[in-house]
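Chemist: For reference, the sequence and a predicted model appear below.
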Amino acid sequence: MQSFETNIFINCPFDKEYVNDMLKPMLFFIIQKGLNPRLSLEVSDSGQFRLEKIINIIKECKYSIHDLSKIKATSVDEYARMNMPFELGVDFGIKSMNDEILSNKQFLILEAVKYDYMKALSDINGMDIKVHKNETETLFECLYSWISETIKKMGQSPPIKSLYDYSDFNKRLFNNKLKEYKSIMITNNYIEKVSIPEYIQVVKTYVNEMF
C-alpha cells in the first residue's frame, strides 16, 4: 500500500463508455504523475459493505477526484446517478472530521458541461469545478492544472505530451498482447474486458519502464 500522501481516490461512473473514454486515460495520467489511484473496484469482498469499503479507501487518500458528469438522467425511464455526489459528500464529511491528517485532504471536482452541477448540487457553488467536456485532451488539461495548482507539482510535461504518451501506451499494449495471444480478436477482448486493478498494474509497469 502506498502512502496517504500519494493515494488518490477516484469517484466516477463505471459504465463501459466512461471507463474506456475517461477513466482509463485518467488513470494513466495520474500514475504518470506519481500518484496512486484507489477505487471501490479494487476489492471484491462480499462480506464487506460497499459503503464501508469506500469510506476506508477515502480515509487512506489525501487526494480525490469526483466526476459529477453523469449525475443527470438522459432518458425518461433512467434514474439520476446519485453515487458520485453521495461519495463526494462522504469525502467532505471525512475531511471535516477533527483529525490533523484528514483535514489536509484535497479534491478535484469534474463535470462535462459548465454549471450543470448547479441544477443538482448547488451546495458546492463557488468551488473551482473543472469542465472536461467528455474529451480526453480536455480531461488531461483539467488534471494538469489541478496537479499544478493544488498539489503544487511543478515541471510537468504539457498535457498534449501526456496525450501522446497515452496513445503510445495503447499501441504498445495492443502489440504486446497481440504477440502473446496471436489473435486480434482475443487481444481486443482483453483490452475491452481487462479489470481496472489489472489495468492499473499494467500502466504502472509501463510508466516505471518508460519514464
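Modeler: Ah, there it is.
Chemist: helix, strand or coil for Asn188?
Modeler: Recorded secondary structure, Asn188: helix (DSSP: H, G, I helix; E, B strand; the rest coil).
Chemist: For it, the count of nearby residues, please.
Modeler: The number of residues packed near Asn188 is 14, by other C-beta atoms under 10 Å. The way it works is simple: take the backbone N, C-alpha and C, and place the C-beta from them, glycine included.
Chemist: give me the beta-bridge partners of Asn36?
Modeler: With DSSP bridges as the criterion, Asn36 is bridged to Asn7.
Chemist: Could you list the low-pLDDT ranges of this structure?
Modeler: The model of the chain has pLDDT under 70 over residues 1-2, 44-48, 73-81, 116-126.
Chemist: Assess the claim that Glu60 and Phe4 are in contact.
Modeler: Yes - assessed by C-beta atoms under 8 Å, Glu60 is found in contact with Phe4 at 6.1 Å.
Chemist: which residues in this protein form helices?
Modeler: With helices called from DSSP state H, the chain shows them at 16-18, 24-32, 50-59, 83-95, 136-149, 159-181, 184-193, 196-210.
Chemist: Pick the most deeply packed of the ones you listed.
Modeler: helix 24-32 (a mean of 23; mean count of other C-beta atoms under 10 Å).
Chemist: ok, residues contacting it?
Modeler: For helix 24-32, contacts defined as C-beta atoms under 8 Å, 6 or more residues apart in numbering pick out 8, 10, 12, 37, 65, 136, 139-140, 143, 162, 165-166, 169, 196, 199-200, 203-204, 207, 211.
Chemist: any idea how far that helix is from the chain center?
Modeler: 8 Å (C-alpha atoms, centre = their mean, to the nearest Å).
Chemist: Just the CA atoms of it, as PDB, please.
Modeler: In PDB, the C-alpha atoms belonging to helix 24-32 read as follows (Å, rounded to 0.1, in the frame of the first residue of the first chain):
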ATOM      1  CA  LYS A  24      -8.500   4.700 -18.400                       C
ATOM      2  CA  PRO A  25      -6.900   7.900 -19.700                       C
ATOM      3  CA  MET A  26      -7.300   9.500 -16.200                       C
ATOM      4  CA  LEU A  27      -5.600   6.500 -14.500                       C
ATOM      5  CA  PHE A  28      -2.700   6.700 -17.000                       C
ATOM      6  CA  PHE A  29      -2.300  10.400 -16.400                       C
ATOM      7  CA  ILE A  30      -2.300  10.300 -12.600                       C
ATOM      8  CA  ILE A  31       0.000   7.300 -12.500                       C
ATOM      9  CA  GLN A  32       2.400   9.100 -14.800                       C
END
